[in-house]
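Participant: only the shape, not the letters, is given here:
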């Protein structure tokens, strides 16, 4: 049963939260999932999201991820679940079973956390909410500033983006930490204290403490020139400038890049010849991510080398994306076809029946039987790996290939995911947007790079 809300400022926070969602255009959405760690920030977000859902006829659920990094992680997740339940919030625990590495634990946890949360949001058709706030934004900008990030990186955390067919929103980026603590107090809701927030082995923790000292110095007569507020202002300015570049790049992308549902793109460099380097980079980096499936864009040096080779009409690979020139008498410089690179990195993903997941960062795959998903190019490697398919597996696969695939360029075909069943059978996916056959196939795949909102590639 929900506890009484007693704080007189509660309505003000609720109104501010509703305005934040409306400002992002999310007031038209029907379902929300809140990622909850159990700390004050995510707890406050869950409380406000539930209140908003109740008042506006929306659907809301909290998701608690158990990374298994601490012996008491399971007990903590259940405690958070029970606490939220007392406030009328349905909460579900998602467990990560993969063993954690010895190094880069936070990066590993972040990757798997986002993956399992995105899968849940995709299945529910809901907006995924995170509780990053103003201090998190300042810390992120500081980290990127110290690493020499460019203008795009200094824009900080985006308030909304499309990630693998899921809307990811952070409606609290302008909120102070004190506001979120006040929200918890207004609901009389307790929260967890993560011990890792005090461990100096983590870069973000060290920066947090450094910024706290600088913010304190800013209250003195001689103010510190660097503080959280100054960093957030830098982020706002950088984000505004990059939004102008993005608008320019998006307009040019629609002219220069043609997406194909079978997982590749055509690129006409002549349309972007003479562009300033900053705009050229803003156009090409998201294209490379969409084709190659990576999480991070290429470095500045890699992009400089890429442009030089493209201007010269030379084949090149960057970020897992292969630029293959298509030389014709009419095309000077030659146009390019962009394919996901195969051969260097072999991805073999075990799947269970009815499982939906993102393969290679750019394909949404759903299998209806147990097996292993891998690229078509890795068919023989998967056969040798399992030692159950026989020497003629690849040839047999070719003869049973869907007829629509004959029109797909070979390099693109190599990157398409296929399913190897446990009995050695090879199942070709029904490619949404390409195949005209039965969509109730054993496995289906949809390319994510050419989504309905190409502008989301820039977020």
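Facilitator: Everything's here; your move. Computed from a prediction, not measured in an experiment: that's the story for all the values here. Numbers count the residues shown, from 1 in each chain.
Participant: state the mean pLDDT of stretch 144-161.
Facilitator: Stretch 144-161 shows an average pLDDT of 85 in the prediction.
Participant: ditto for stretch 56-72
Facilitator: For stretch 56-72, the mean confidence score works out to 91.
Participant: now stretch 120-129
Facilitator: For stretch 120-129, mean pLDDT rounds to 94.
Participant: ok, residue 285 - contacts?
Facilitator: Neighbouring residues of residue 285 by Cβ atoms under 8 Å, 6 or more residues apart in numbering: 297-298, 303. Glycine gets a C-beta too; all of them are placed from N, C-alpha and C.
Participant: how about these in TSV, adding secondary structure?
Facilitator: Written out in TSV, the entries for these read as follows (DSSP: H, G, I helix; E, B strand; the rest coil):
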residue	secondary structure
297	coil
298	coil
303	helix
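Participant: could you dump those residues to a markdown table with pLDDT, neighbour count and distance to residue 54?
Facilitator: As requested, those are exported to a markdown table (pLDDT from 0 to 100; neighbours: other Cβ atoms under 10 Å; distance: Cβ to Cβ, whole Å):
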| residue | pLDDT | neighbour count | distance to residue 54 |
| --- | --- | --- | --- |
| 297 | 81 | 20 | 40 |
| 298 | 87 | 21 | 45 |
| 303 | 92 | 19 | 48 |
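Participant: can I get those residues in CSV with distance to residue 442?
Facilitator: Conversion of those to CSV gives the following (distance: Cβ to Cβ, whole Å):
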residue, distance to residue 442
297, 35
298, 36
303, 40
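Participant: for residue 13, state which of the residues you listed is nearest.
Facilitator: residue 297 (36.4 Å; Cβ to Cβ).
Participant: hmm, residue 319 and the closest one touching each other?
Facilitator: Yes. Between residue 297 and residue 319 there is a contact under Cβ atoms under 8 Å: 6.8 Å.
Participant: where does pLDDT dip in the stretch 301-450 of the chain?
Facilitator: Low-confidence segments of the stretch 301-450 of the chain, defined by pLDDT under 70: 329-333, 383-399, 437-439, 450.
Participant: residue ranges for the helices of it, please.
Facilitator: With DSSP state H, counting those that start in this stretch applied, the stretch 301-450 of the chain shows helices at 379-386, 393-399, 410-415, listed in chain order.
Participant: likewise for the stretch 1-150 of the chain?
Facilitator: Remark: helices assigned in the stretch 1-150 of the chain by DSSP H, counting those that start in this stretch are 10-23, 40-56, 73-86, 105-124, 134-146.
Participant: most packed of the ones you listed?
Facilitator: Across the helices of the stretch 1-150 of the chain, averaging neighbours per residue (mean count of other Cβ atoms under 10 Å) puts helix 40-56 on top, at a mean of 23.
Participant: chain center to it: distance?
Facilitator: The gap between the average C-alpha position of helix 40-56 and the chain average comes to 23 Å, counting by Cα atoms, centre = their mean, to the nearest Å.
Participant: do stretch 29-38 as well
Facilitator: The gap between where stretch 29-38 is centred and where its chain is centred comes out at 16 Å by Cα atoms, centre = their mean.
Participant: and it, what's buried?
Facilitator: Buried residues in stretch 29-38, counting neighbours by 16 or more other Cβ atoms under 10 Å, are found at 29, 32-38.
Participant: and those residues as a markdown table, adding distance to residue 72 and pLDDT?
Facilitator: As requested, these are exported to a markdown table (distance: Cβ to Cβ, whole Å; pLDDT from 0 to 100):
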| residue | distance to residue 72 | pLDDT |
| --- | --- | --- |
| 29 | 35 | 96 |
| 32 | 29 | 98 |
| 33 | 25 | 98 |
| 34 | 23 | 98 |
| 35 | 20 | 97 |
| 36 | 17 | 97 |
| 37 | 14 | 93 |
| 38 | 12 | 94 |
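Participant: which of these sits closest to residue 177?
Facilitator: Using Cβ to Cβ, residue 37 is the member of the buried residues of stretch 29-38 that sits closest to residue 177, with 14.3 Å.
Participant: the closest one against residue 132, yeah?
Facilitator: No. In this structure, residue 37 sits apart from residue 132 without contact. The criterion is Cβ under 8 Å, and the distance is 11.4 Å.
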